[in-house]
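>>> Structure, please.
(one chain, ligands or ions: 1)
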Amino acid sequence: FIMFGRLGVAVRSAVQRIGGGSVVTQKDIDKTLREIRIAMLEADVSLSVIKTFLQKIQDQALGQNVMKSLRPDHLISKIVYDEMLSLVHNDPVQWTQNSSILIMGLQGSGKTTLCGKLAYMFKNQKFSTLLVSLDPYRPAAQTQLSVIANSIGVDVLPSLKGEDVYATARRALIKKSSYDYIIFDTAGRLHVDQELMQELIGLQALIQAKENLLVCDSLMGQSITDVAKSFSQLSLNGVALSKLDANHKSGIILSLKSLLNLPIKALGTGEKPQDFMQWDAKRVISRILD
Ligand code: GDP
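Purely as a prediction, here's the structure:
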């Protein structure tokens, strides 16, 4: 479901080559680290993350007498797993009931699709959701959200012609006590401009959402940091990465904490509402290394 290219295979085979029982030399460890480095570069993990990561593994490999151990491969494997886990946020994702979720991001990043995925997950957990489009500029976007809402059987706030985004948001907030979650889909642009930013700042102040999520297309790789910087006037508290099913280099997953210090909360793995995974650090890292 998440593609890291050769990363998992390369790390596993590099570690396995160390083997068990035989004497391991510094040269063996250097070779293993070199192979892991190449695999991480190929997966588009950021260079600074790779450097620190390998340094830590090297230090521990020496510190824990891996070379003298009976199962150096197991020891290295455990060190790699622990260090990879420490590259990402490890807190469990918790959605607060009776709250709002504000979805932001560039046009085409996957905002509307994510709204459907979250609503679908909540529905399966027996929670009710109201979906709200705050994109009066593109009627097609409103229609897209309605189609998704209808397909999964959740409510969508009917849009009123000529209404501005703040009035729409207020109309939705009146219904707050009737739903477990209100998810607001916002307008995106191909590039962030000040007009959009002012609107989002205004909406954040009005909605007071518990979750202010930035949706990023994982295919953008490390340039996601530039996208996030252009949204830095907003108080974001999480990132949702989309299109991981179409991405052969998902290194951004391992780089995001170091580059942005924002937790990943959701992973999009396809176009359908069910193609979704809530962030789970141990599960993701295990999937890379298993
Ligand atoms: P928005 O403009 O930010 O609301 O983006 P959309 O939700 O409309 O998504 C843009 C395109 O990306 C649509 O064709 C979606 O079907 C597609 N898309 C969104 N998320 C994913 C994903 O996780 N995987 C794949 N393969 N496609 C996705």
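>>> leaving aside the residues next to it on the chain, what's closest to the residue of the stretch 151-290 of the chain found nearest the ligand?
Scanning the stretch 151-290 of the chain for proximity to the ligand using C-beta to the nearest ligand atom identifies residue 268 as nearest, at 2.8 Å. C-beta: built from backbone N, CA, C; applies to glycine. Closest residue to residue 268 apart from its sequence neighbours, by C-beta to C-beta, 6 or more residues apart in numbering: residue 242 at 3.6 Å.
>>> Tell me how many other residues crowd the one you found.
Around residue 242 there are 29 other residues, counting by other C-beta atoms under 10 Å.
>>> tell me the contacts of the residue of the stretch 151-290 of the chain closest to the ligand?
110, 113-114, 117, 218, 240-245, 275-276 (C-beta atoms under 8 Å, 6 or more residues apart in numbering).
>>> Tell me which entries of those lie within strands.
240-242, 276 (DSSP state E).
>>> so which pair among those residues is furthest apart in space?
Spatially, the most separated pair among the ones in strands among the contacts of residue 268 is 241 and 276, at 11.0 Å (C-beta to C-beta).
>>> joint contacts of these two?
266-268.
>>> Would you format the residues you listed as JSON lines with secondary structure and pLDDT included?
Formatted as JSON lines, those follow (DSSP: H, G, I helix; E, B strand; the rest coil; pLDDT from 0 to 100):
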{"residue": "266", "secondary structure": "strand", "pLDDT": "97"}
{"residue": "267", "secondary structure": "strand", "pLDDT": "96"}
{"residue": "268", "secondary structure": "strand", "pLDDT": "96"}
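>>> picking that back up, verify the contact between the residue nearest to residue 268 and residue 113 for me.
Yes - the pair residue 242 / residue 113 is scored as a contact, 6.9 Å apart, by C-beta atoms under 8 Å.
>>> ok so, going back, neighbour count winner among residue 241 and residue 276?
More crowded of residue 241 and residue 276, by other C-beta under 10 Å: residue 241, with 30 against 20.
>>> Now do the closest residue to the more buried one other than its chain neighbours: how many residues are near it, please.
Spatial nearest neighbour of residue 241, chain neighbours left out: residue 218 (4.5 Å); criterion: C-beta to C-beta, 6+ apart. Using other C-beta under 10 Å, residue 218 has 30 neighbouring residues.
>>> which residues sit in contact with residue 218?
Contacts of residue 218 by C-beta under 8 Å, 6+ apart are 224, 241-244, 247, 250, 252-253, 268.
>>> ok, now residue 61?
29, 67, 75-76, 79.
>>> mind checking how far residue 39 is from residue 10?
3 Å (C-beta to C-beta, to the nearest Å).
>>> ok, those two, which is more surrounded?
residue 39 (23 against 19).
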